[in-house]
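[1] Can you look at this prediction? I've put the sequence above it.
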Amino acid sequence: METEEFKLFMKARQNVYDLLRCFFLQEPTEPFLAALKEENILKDLMGYNQELDKGVELVSSALSPSDLGSLASVLEEEFTRLFVGPLPIPLYESVYRSESGLVMQKETLTVRQKYMDAGLFIHPDSSFSEDHIGAEIEFIYYLCQKTAQTDEEEAQKSYFLRQQEFLRDHLSVWVGPLCERLFAAAHTSYFQGVAKMTKGFIAWDFEEVVSNFQE
C-alpha cells in the first residue's frame, strides 16, 4: 500500500472510530442525530461486514422520524438506562475478562500502561476507568490519527503496530460479548444498531489491520 493510500485508510478508520466512541461517550442529542442522518458515513459503511450492515440498517431506521427532538429525548433516557444506571450493562474490559468479573482488575492496569506508552492518559477526574469501551475505542481513534498525521516512517510504523497489538490483545477480544449484551438489553433499534455496528466494524477492522494487512 502506497504512503498516501495508507494515510487515507487510516483517516477513514479514524472517522469510523470517532463515530463509535461518540455512541458510548455522549448522549445522542438532536444535533448529533441530525448530523448522523445527513452525513454519508452510515451509507459508506455498507458492504464490508454482514453484522455491520445490519447495524447500519437498524440505526438508519431509528433516524427515519422527522421529529429528531422527540427521538433524542427517548434515546437520551435509554442511554442513561443502558450506560449510566442504576443498573447499567458493564462497559469495562476487566468485567468480561478477569476471573473475578469485577472492574479495576489487571486488565485495567494493562490498558492504562498501553495508553501511557503511546503518550496518552485519561484524566484522573474521569468518571470511568481506562478499560471502558469508549476509552478503548478512543485509543484506536487516537492511534489512527497519529499514524495518518506523521510523515516519519518509523513513527508511522510504531503507531500502526500499537493499533495491531491493541486490537488483537484487547478490543477484539471482549467487544463481542459486550455488544451481544447491549443488543439484548436495548429497547430501541438505535442502540440495537449501535451494538451491531460496533461488533461488526471491529471484527472487520481486526481482519483488515491484524490478519490480512500487508505493508
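    It's in.
[2] Now K11: closest residue in space, sequence neighbours ignored.
    Of all residues not flanking K11 in the chain, A148 sits nearest, at 4.9 Å (Cβ to Cβ, 6 or more residues apart in numbering). C-betas here are computed from N, CA, C, even on glycine.
[3] How far off centre is the helix ranked longest in the chain?
    Using DSSP state H, we find that the single longest helix of the chain is helix 3-25. The chain centre lies 10 Å from the centre of helix 3-25; the measure is Cα atoms, centre = their mean, to the nearest Å.
[4] So which residues of this protein form helices?
    Taking DSSP H as the criterion, the chain carries its helices at 3-25, 30-38, 41-44, 50-62, 68-79, 93-97, 106-117, 133-149, 153-166, 172-185, 189-206.
[5] can you count the residues close to F201?
    F201 has 24 neighbours, counted by other Cβ atoms under 10 Å.
[6] How about the one 4 residues further on?
    Here the number of neighbours of D205 (other Cβ under 10 Å) works out to 22.
[7] Over to S172?
    18.
[8] so it touches W204, yeah?
    No: contact criterion Cβ atoms under 8 Å: S172 and W204 do not qualify, at 10.5 Å.
[9] Just put the helices of the chain in TSV and tack on distance to G85 and mean pLDDT.
    Output for those, formatted as TSV (distance: least, Cβ to Cβ, whole Å; pLDDT from 0 to 100):
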stretch	distance to G85	mean pLDDT
helix 3-25	15	95
helix 30-38	22	94
helix 41-44	29	91
helix 50-62	23	97
helix 68-79	11	97
helix 93-97	14	96
helix 106-117	19	93
helix 133-149	16	96
helix 153-166	28	94
helix 172-185	13	97
helix 189-206	15	98
